[in-house]
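Participant: Sequence first, then the predicted structure, then my questions.
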Amino acid sequence: MIALIRFQVAGYVRSLRVLHPLIVVALVVVLVLVQGPSGPDAADLAVGTFGDVAAFMFPVWAWAARALLDTQPDEQRALTAIAARRHSMPTYAGLLSAYGVNVCLGVVALAVPLTQAFQVGAPGRAVLAGCALNLLVAVPGTLLGAWTSRALIPDPGVSLLALMSAATALVLLGIGRLSWLSVPMIEWLRIAHDGAGEFTARFPAIALHLALWSAAVGAAYIALARRRP
């Protein structure tokens with residue numbers, strides 16, 4: 001498993017595909033996040049930034065995961081599946097590789113907000129909750145990218161359109177009565193900007209929602225991927 005993960009990450013980095021999301025994240029950090037919060041509500045604003053970063057990074061994480069999983073040519077992916085001891089091992093390795101890369105992208109995005117939160121004296125529990133939120137949101141972001149990867153959608157144009165459509169649909173679905181079926185982006189943005197205390201108090205419910213959604217969608221993806229040739 002570790003060898004497969006290293007192999008996929010190394011291929012993604014050598015292909016320079018990692019530069020695409022990295023450049024986008026770096027531009028947002030330089031142009032937006034460097035302008036830190038100020039004023040009497042600086043601590044609450046700093047905590048709210050963690051929710052903003054999670055919302056921005058969600059489609060970026062999906063994009064990066066899709067690119068990583070599509071790095072291997074079909075022939076190489078088939079040889080990897082044959083060489084693996086279990087048929088499902090490449091599927092798990094791909095998901096773990098994509099999640100690991102996404103965590104690294106999240107570290108880049110959170111470096112400045114984390115520094116600013118400590119500078120303005122944001123509560124430590126709220127800062128930890130903000131970091132945990134991004135770690136959790138990276139999971140459904142990775143799964144969304146996996147669902148639109150070439151293993152399930154061979155056509156690149158259709159795959160990209162499916163990724164954009166699915167991300168938009170999840171946001172719109174989260175507004176209505178069926179929000180429990182979606183990633184709770186609207187909810188975490190609201191509580192993140194309601195203040196550090198409110199964010200800390202209501203974070204467990206958001207975390208549970210994300211965990212249940214990720215478990216259901218991840219199990220469905222693994223079951224479908226194992227049936228693919």
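Facilitator: Received it, and whenever you're ready, just let me know what you need.
Participant: Who are the packing partners of the one helix or strand residue 104 maps to?
Facilitator: Per DSSP states H and E, residue 104 falls inside helix 89-119. Contacts defined by 3 or more C-beta pairs under 8 Å, 6 or more residues apart in numbering; DSSP states H and E place helix 89-119 against helix 2-14, helix 19-28, helix 42-69, helix 74-83, helix 124-147, helix 196-227. From N, CA and C alone the C-beta is placed, and that goes for glycine too.
Participant: got JSON lines for those, with mean neighbour count, distance to residue 182 and mean pLDDT too?
Facilitator: Compiled in JSON lines, the helices and strands packed on helix 89-119 are given as follows (neighbours: other C-beta atoms under 10 Å; distance: least, C-beta to C-beta, whole Å; pLDDT from 0 to 100):
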{"stretch": "helix 2-14", "mean neighbour count": "15", "distance to residue 182": "28", "mean pLDDT": "88"}
{"stretch": "helix 19-28", "mean neighbour count": "16", "distance to residue 182": "23", "mean pLDDT": "95"}
{"stretch": "helix 42-69", "mean neighbour count": "24", "distance to residue 182": "11", "mean pLDDT": "95"}
{"stretch": "helix 74-83", "mean neighbour count": "13", "distance to residue 182": "30", "mean pLDDT": "61"}
{"stretch": "helix 124-147", "mean neighbour count": "23", "distance to residue 182": "10", "mean pLDDT": "96"}
{"stretch": "helix 196-227", "mean neighbour count": "16", "distance to residue 182": "8", "mean pLDDT": "93"}
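Participant: Of all the ones you listed, which one comes closest to residue 153?
Facilitator: helix 124-147 (8.2 Å; C-beta to C-beta).
Participant: Check which helices and strands the closest one is in contact with.
Facilitator: helix 42-69, helix 89-119, helix 156-173, helix 185-192, helix 196-227.
Participant: at 6 Å instead, please
Facilitator: helix 42-69, helix 89-119, helix 196-227 (3 or more C-beta pairs under 6 Å, 6 or more residues apart in numbering; DSSP states H and E).
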